[in-house]
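Undergrad: following is a predicted model, sequence given first.
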Amino acid sequence: MRRQRKAKIVVTLGPSTSSPEAIRALFEAGADVFRLNFSHGTQEDHRRTHTILRQIEADLNRPICILMDLQGPKLRLGTFTEGSVELKRGDSFRLDLSPEPGDRRRAPLPHPEILSALVPGTDLLLNDGRVRLTVKECSDSFAETVVITGGQLSNRKGVNVPGVVLPLSPLTEKDRQDLRFGLDLGVDWVALSFVQKPEDVAEAKRLIAGRAATMIKLEKPAAIDRLDELIDQSDSVMVARGDLGVEMPPEDVPSVQKRIIGACRIAGKPVIVATQMLESMVHAPEPTRAEASDVATAVYDGADAVMLSAETASGDYPIEAVSMMNRIVTRVEQDPIYRRILGAQHHAPEATSADAISAAAAQVAHTLSTAAIVTYTTSGSTTLRAARERPEVPILCLTENLNTARRLTLAWGVHCVCTEDVRSFSQMVEKACAIACREQFATVGQRLVVTAGVPFGTPGSTNVLRVAYVSG
């Protein structure tokens, strides 16, 4: 089932898409990566979904990528005596550690780590930014604030502290339990929420220990300040625009999105643009034109993947949402302007043999109008470097490692096939041509660019480029 596009589609599974029939329909509509959101559902729910996905994978003989998304810390107010209060601009409002239900003058904030990090002048955002407070006086046990933007507050609404690095690990005890569960299941990617600094990623990678690839969700402004370090520590990045948009002005999010995509492309690491992409399709059969433009912008910028959240997890039109996203991505990639934009954003290869070969492969593919670039890889690094070049032709990844094939399904332009590794140059060319024909990437008389490493099967040793003719 070859996709006729290079950018990938990530879908979130949930109540609307929990049956085998619905999940298979999502795949057939264009879904490449399936996200299990551990903020919702039980472990048994996710186990059942994982089993369904692996069965579909076996039935279709296509590697399917599964992304587990950890919940991360949830910072919330306590409760109110009457369930909710209405705050007005200029009101004084106290936050403290007392468990007593709140009122119009105070509320419980059962997070000493927040209070200890506050200083006078710090802004606090409540209820997804609808209510804004500024700290006037504080200690380790309380904060006296003034209401800058009023509104209604009810029980257990969320708290955001923009511009402050909180002394919190991104992994709660729930996350650690879920992580062990997901790794035992065999998920391919682990997405970390609430990442603030490189040490957060290092902690998670120690626990993951290579059993899955690590993705960071950029949703805190503090993380943007250390963007390059975080990208270096991780295997891929998700631009979590919903949470990011709560803690920074809406007008800043588009430029930050472009900055993140650009940095990931330089590093050669997959990047997903997420949140509210086709939001109106939660309850409508078609998106707004602004939403279609939003998806298109991410594709024009060269993002590896675009993601659907509530649209497929709990929406009324999950299959239609995937089909629409598939159509938008395909249409953008047919636009001549798309190639010009990607070319203008191209970055010089690094001074390594793997990058030199990958850059040469893209150039040869263009000059000779080859049908595809075929990469032999063990760890996936060869294929990711090929994808970094954003070649004009698709990338056919051949690997004997099923885990590598599943993970690379996320990467731009990559179509993965599991096959035994080769042992000679003649076998390398013969297998590349046979699989390219079988997977409908080439026909007799066309040419392929083939890259591999010698000795064959040695990870990270890409040093061979061949032009192969597909014969009958």
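TA: That came through fine.

Undergrad: can we go C-alpha only for contacts and neighbour counts from here?
TA: Noted.

Undergrad: where do the strands sit along the stretch 151-300 of the chain?
TA: Taking DSSP state E, counting those that start in this stretch as the test, the strands found in the stretch 151-300 of the chain are 151-154, 159-160, 189-192, 213-218, 236-240, 271-274.

Undergrad: residue 427 is nearest to which of those strands?
TA: strand 213-218 (30.4 Å; C-alpha to C-alpha).

Undergrad: who does the helix or strand containing residue 387 touch, helix- and strand-wise?
TA: Element membership for residue 387 (DSSP states H and E) is helix 381-388. In terms of contacts (3 or more C-alpha pairs under 8 Å, 6 or more residues apart in numbering; DSSP states H and E), helix 381-388 is packed against helix 253-267, helix 353-368, strand 372-376, strand 395-399.

Undergrad: let me know which of those is tucked in deepest.
TA: Across the helices and strands packed on helix 381-388, averaging neighbours per residue (mean count of other C-alpha atoms under 10 Å) puts strand 372-376 on top, at a mean of 28.

Undergrad: residues in contact with that one: which ones?
TA: With C-alpha atoms under 8 Å, 6 or more residues apart in numbering as the contact definition, strand 372-376 has outside contacts at 361-362, 365, 382-383, 386, 393-399, 421, 432, 441-442, 447-453.

Undergrad: in the helix or strand of the chain with the lowest mean pLDDT, what counts as buried?
TA: Least confident helix or strand, the chain: helix 241-247 with a mean of 87, by mean pLDDT, DSSP states H and E. By neighbour count with 16 or more other C-alpha atoms under 10 Å, helix 241-247 contains the buried residues 241, 243, 244, 245, 246, 247.

Undergrad: ok, residue 426 - contacts?
TA: Counted by C-alpha under 8 Å, 6+ apart, residue 426 has zero contacts.

Undergrad: and it, backbone torsions?
TA: For residue 426, the backbone dihedrals (degrees, to the nearest 10) come out as phi -60, psi -40.

Undergrad: and the gap between it and residue 367?
TA: 24 Å (C-alpha to C-alpha, to the nearest Å).

Undergrad: same check on residue 121?
TA: As for residue 121, its distance to residue 367 is 59 Å (criterion: C-alpha to C-alpha).

Undergrad: could you do residue 402 as well?
TA: In terms of C-alpha to C-alpha, residue 402 sits 32 Å off from residue 367.

Undergrad: now do the domain split for the protein, please.
TA: Structurally, the chain divides into domains by automatic domain parsing as follows: 8-73+170-334, 84-160, 353-469.

Undergrad: now render those domains as JSON lines, adding distance to residue 1.
TA: Compiled in JSON lines, the domains of the chain are given as follows (distance: least, C-alpha to C-alpha, whole Å):
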{"stretch": "domain 8-73+170-334", "distance to residue 1": "8"}
{"stretch": "domain 84-160", "distance to residue 1": "41"}
{"stretch": "domain 353-469", "distance to residue 1": "8"}
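
Undergrad: for residue 345, find the nearest of the ones you listed.
TA: For residue 345, the closest of the domains of the chain is domain 8-73+170-334, at 8.0 Å, according to C-alpha to C-alpha.

Undergrad: and that closest one, how far apart are its ends?
TA: Taking C-alpha to C-alpha as the measure, domain 8-73+170-334 stretches 15 Å from start to finish.

Undergrad: same check, this time on stretch 381-394
TA: With C-alpha to C-alpha as the measure, stretch 381-394 spans 17 Å from end to end.

Undergrad: residue 178: neighbour count?
TA: Neighbourhood size, residue 178 [other C-alpha atoms under 10 Å]: 20.

Undergrad: same question, residue 284
TA: The tally of other residues near residue 284 (other C-alpha under 10 Å) stands at 16.

Undergrad: mean confidence for stretch 419-439?
TA: Confidence over stretch 419-439 (mean pLDDT, whole number) is 94.

Undergrad: please read the previous query as pertaining to stretch 126-135.
TA: Averaged across stretch 126-135, pLDDT comes to 94.

Undergrad: now the end-to-end length of that stretch.
TA: By C-alpha to C-alpha, the extent of stretch 126-135 from end to end equals 13 Å.

Undergrad: list the contacts of it.
TA: 118-125, 143-153, 157-160, 246-247.

Undergrad: swap in 7 Å and give it another go.
TA: With contacts defined as C-alpha atoms under 7 Å, 6 or more residues apart in numbering, stretch 126-135 is touched by 120-125, 143-151, 153, 157-160, 246.

Undergrad: buried only: go through those for me.
TA: When the contacts of stretch 126-135 are checked for burial by 16+ other C-alpha under 10 Å, the buried set is 122-125, 143-151, 153, 158-160, 246.

Undergrad: and residue 458, how far is that from residue 428?
TA: Separation of residue 458 from residue 428 (C-alpha to C-alpha) stands at 14 Å.

Undergrad: burial check on residue 47, number of neighbours?
TA: 15.

Undergrad: for it, report the pLDDT, please.
TA: We note a pLDDT of 98 for residue 47 in this prediction.

Undergrad: my read is it is in a helix, agree?
TA: Yes. Under DSSP: H, G, I helix; E, B strand; the rest coil, residue 47 sits within a helix.

Undergrad: what does the model give the nearest residue to it once chain neighbours are set aside for pLDDT?
TA: Spatially, and ignoring its direct neighbours in sequence, residue 47 is nearest to residue 185 (7.2 Å; C-alpha to C-alpha, 6 or more residues apart in numbering). Looking at residue 185, its pLDDT stands at 97.

Undergrad: residue 83 and residue 154, how far apart?
TA: According to C-alpha to C-alpha, residue 83 and residue 154 sit 6 Å apart.

Undergrad: shared neighbours of these two, anything?
TA: Shared contacts of residue 83 and residue 154, defined by C-alpha under 7 Å, 6+ apart, are absent.

Undergrad: out of those two, which sits in the more crowded spot?
TA: A count of neighbours by other C-alpha under 10 Å puts residue 154 above the other of residue 83 and residue 154, at 18 against 13.

Undergrad: thought that one was touching residue 87?
TA: No. The pair residue 154 and residue 87 fails to qualify as a contact (C-alpha atoms under 7 Å) at a distance of 10.8 Å.
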